[in-house]
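Asker: sequence first, predicted coordinates after that:
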2 protein chains.
Amino acid sequence: MRVLGVDPGLTRCGVGVVEGVAGRPLTMRGVGVVRTPADADISHRLVAIEAGIEEWLDAHSPELVAVERVFSQHNVRTVMGTAQASAVAMLCAARRGIPVALHTPSEVKAAVTGSGRADKAQVGAMVTRLLRLDAPPKPADAADALALAICHIWRAPAQNRLHQAVAQHARNAQRAAKGRTS
Amino acid sequence: MRVLGVDPGLTRCGVGVVEGVAGRPLTMRGVGVVRTPADADISHRLVAIEAGIEEWLDAHSPELVAVERVFSQHNVRTVMGTAQASAVAMLCAARRGIPVALHTPSEVKAAVTGSGRADKAQVGAMVTRLLRLDAPPKPADAADALALAICHIWRAPAQNRLHQAVAQHARNAQRAAKGRTS
């Protein structure tokens, strides 16, 4: 599967496309940053982010967009901008009918480094190794976007198995109920 | 001037259109709420809000969109949704070239009731009186959207005078500098 990871932000919105399946070597299809000027009006910054995300969707036709789930334990001002940038990314994907998945920063770190408390350098090093790159992608937002995409590809089978188990359980319960009434 | 006020929210996004100028009776052109189901996926809720805001922009062609400035002193979960809904409203306006103005809740309350700490009932009562309505608009989000539009129309002249004064000051300083160098 081909996944566009988005590390949302108003000043730097990291984007990275990874293709592959769990258990096989992954391939990077592209990485970059959508930037907007810090002194611009917030509404114009959101328009610029929309245009940037649209370009990445056009260029790579991802099957899924993985966005970082925003929490508010961080700096209050930053979080509002992050929430707004993530809204634009989710909107762009969903109105094209592309599914959106959210992963928390610690899920992403745990997926690529084995520890939910890994630092930026560790995440960058593992992304470089897993995608067989020559150097860690810069800035960190770009590496984080790739890590999000990798996290989704690796977690997807577990999530799918969970969904299948829940669906199977529901079918069994239905059959059991039918057996009792017929 | 015709202003669309938006009280952003994922579950209920208040919208209200007010026309008029400061110092003259104002007219309500429309009021309503864009709703999205609480159990829907966040990305689909944002798409529904976009569609709702687009309808209001099409129907009323406002000259400006006034959106509540989101703060994070409130409930953390609610604030993220509010920030995301406000991002969609700002994006819809700005990509049509419609200017966006942000006003804080206390600016809005102070504008329509005289007190920045007025409660919902007071805001509703004043909106009803100022727009000569038969009853307060329901729900409160709809009344708040109208209050935002009224606030902008009334504050706009002061803001314009401020901008003009700043511009005049810059011109004077430029002339003075020229006088010194020529």
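Answerer: Structure's in. What do you need?
Asker: specify the beta-bridge partners of the closest residue to A:Gly30 other than its chain neighbours.
Answerer: The shortest distance from A:Gly30 to any non-neighbouring residue, by CB to CB, 6 or more residues apart in numbering or on different chains, is to A:Val17 (4.5 Å). The C-beta positions use only the backbone N, C-alpha and C, and glycine is treated the same way. Beta bridges link A:Val17 to A:Leu4, A:Gly30 when assigned by DSSP bridges.
Asker: A:Val17 reaches A:Gly32, doesn't it?
Answerer: No - using CB atoms under 8 Å, A:Val17 is not in contact with A:Gly32, being 9.3 Å away.
Asker: quick one: name the residues of chain A near chain B.
Answerer: Proximity of chain A to chain B (CB under 8 Å from any CB of the partner chain) is limited to residues A:41-44, A:46-47, A:50, A:70, A:72, A:76, A:79-80, A:83-88, A:90-91, A:93-95, A:100, A:102.
Asker: okay, and which of these map to strands?
Answerer: Per DSSP state E, strands hold the following members of these: A:100, A:102.
Asker: now, of the residues of chain A next to chain B, which are buried?
Answerer: Restricting these to buried positions leaves A:42-44, A:46-47, A:50, A:70, A:72, A:79-80, A:83-88, A:90-91, A:93-94, A:100, A:102, with burial counted as 16 or more other CB atoms under 10 Å in any protein chain shown.
Asker: from the residues you listed, which land in helices?
Answerer: Those of these mapping onto helices are A:42-44, A:46-47, A:50, A:79-80, A:83-88, A:90-91, A:93-94, per DSSP state H.
Asker: what about the strands in chain A?
Answerer: A:2-7, A:12-19, A:27-35, A:64-68, A:100-103.
Asker: now render the ones you listed as a markdown table, adding distance to A:Leu130 and mean pLDDT.
Answerer: Shown next, in a markdown table, are the strands of chain A (distance: least, CB to CB, whole Å; pLDDT from 0 to 100):
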| stretch | distance to A:Leu130 | mean pLDDT |
| --- | --- | --- |
| strand A:2-7 | 13 | 98 |
| strand A:12-19 | 9 | 98 |
| strand A:27-35 | 9 | 98 |
| strand A:64-68 | 15 | 97 |
| strand A:100-103 | 16 | 96 |
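Asker: and of these, who's closest to A:Ile150?
Answerer: strand A:12-19 (5.6 Å; CB to CB).
Asker: which strands and helices lie in contact with that closest one?
Answerer: Here strand A:12-19 touches strand A:2-7, strand A:27-35, helix A:42-60, helix A:140-181, going by 3 or more CB pairs under 8 Å, 6 or more residues apart in numbering or on different chains; DSSP states H and E.
Asker: and of those, who's closest to B:Met126?
Answerer: Among the helices and strands packed on strand A:12-19, helix A:42-60 sits nearest to B:Met126 (CB to CB), with 27.8 Å.
Asker: name the nearest residue to A:Arg155, sequence neighbours excluded.
Answerer: Excluding its sequence neighbours, the residue lying closest to A:Arg155 (CB to CB, 6+ apart) is A:Ala111, at 6.4 Å.
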